[in-house]
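J.: structure, please.
(2 chains)
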Amino acid sequence: GDSVTQMEGPVTLSEEACLTINCTYTATGYPSLFWYVQYPGEGLQLLLKATKADDKGSNKGFEATYRKETTSFHLEKGSVQVSDSAVYFCALTPNSGNTPLVFGKGTRLSVIA
Amino acid sequence: DTGVSQNPRHKITKRGQNVTFRCDPISEHNRLYWYRQTLGQGPEFLTYFQNEAQLEKSRLLSDRFSAERPKGSFSTLEIQRTEQGDSAMYLCASSLDAGTDTQYFGPGTRLTVL
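T.: Presented below is the predicted three-dimensional model:
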């Protein structure tokens, strides 16, 4: 079945360091890809999305590019802040439609000043 | 737009009791989803509705679980004869029925079964 694999955490970075959280997927058809973020004590929020190959999603300095050839959607940020400390989830909807999300296990990021 | 709301936010119950959770989606969102999240894991799909019709149920949704959305607005998730393994965060999300529209999540209901 469809699945998402993301790098194990926790990840601890100093402020202004570069961030990459790896995400790969297995899916039939043409999935849409998402990154959701969960800040401490808050609900899941959409961070960015991409709906077709080579699309780049971006928001709040984060970026991810839909790579069909490597079935990947890695999350990147050039300079992290303490306020970016959260759990990040990679997810997909299997058929590029409004269907249930399939999530990875999440990666906890801690940014220290 | 007040967002997706869920009640209660926390529920502690004894094994064997029944519990019911409520989700109020964003107004005019006709799709509503239920997910379950256990500690250290990503959310897992349970079931979803388009308007009042329940379109899909996961294998995770045992016969002790039932969900309804009687008028196509709010939804309830009931768990009968709770077990300790039911302890989790239950998340609700809603979206417009329009292609790859974003799912907006509520804050969740944390269930603890003693």
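J.: now do the same contact list for the residue nearest the centre of chain B.
T.: Of all residues in chain B, the one closest to the mean position by Cα atoms, centre = their mean is B:Trp34, 3.3 Å from it. Neighbouring residues of B:Trp34 by Cβ atoms under 8 Å, 6 or more residues apart in numbering or on different chains: B:23, B:45-48, B:67, B:75, B:77, B:90-92. Any C-beta I mention is one placed from the backbone N, CA and C, and that applies to glycine too.
J.: which residues of chain A lie near chain B?
T.: A:4, A:32, A:36, A:42-46, A:49, A:51, A:89, A:91, A:93, A:96-98, A:100-106 (Cβ under 8 Å from any Cβ of the partner chain).
J.: tell me how many other residues crowd A:Ser85.
T.: Look at A:Ser85: counted by other Cβ atoms under 10 Å in any protein chain shown, it has 16 neighbours.
J.: and what of A:Glu15?
T.: Count around A:Glu15 with other Cβ under 10 Å applied: 13.
J.: ok, the spatially closest residue to it that is not a sequence neighbour to chain B distance?
T.: Leaving aside its chain neighbours, A:Glu15 sits nearest to A:Ala113 (5.3 Å; criterion: Cβ to Cβ, 6 or more residues apart in numbering or on different chains). Distance of A:Ala113 to chain B, computed by Cβ to the nearest Cβ, to the nearest Å: 26 Å.
J.: would you check how far apart A:Ala113 and A:Glu16 are?
T.: In this view, A:Ala113 and A:Glu16 are 10 Å apart by Cβ to Cβ, to the nearest Å.
J.: contact partners for whichever residue of chain B sits closest to chain A?
T.: Nearest residue of chain B to chain A (Cβ to the nearest Cβ) works out as B:Gly42 at 3.2 Å. For B:Gly42, the contacting residues are A:4, A:89, A:91, A:103-106, by Cβ under 8 Å, 6+ apart.
J.: same thing but at 7 Å, please
T.: Each residue near B:Gly42 by Cβ atoms under 7 Å, 6 or more residues apart in numbering or on different chains is listed here: A:89, A:103-106.
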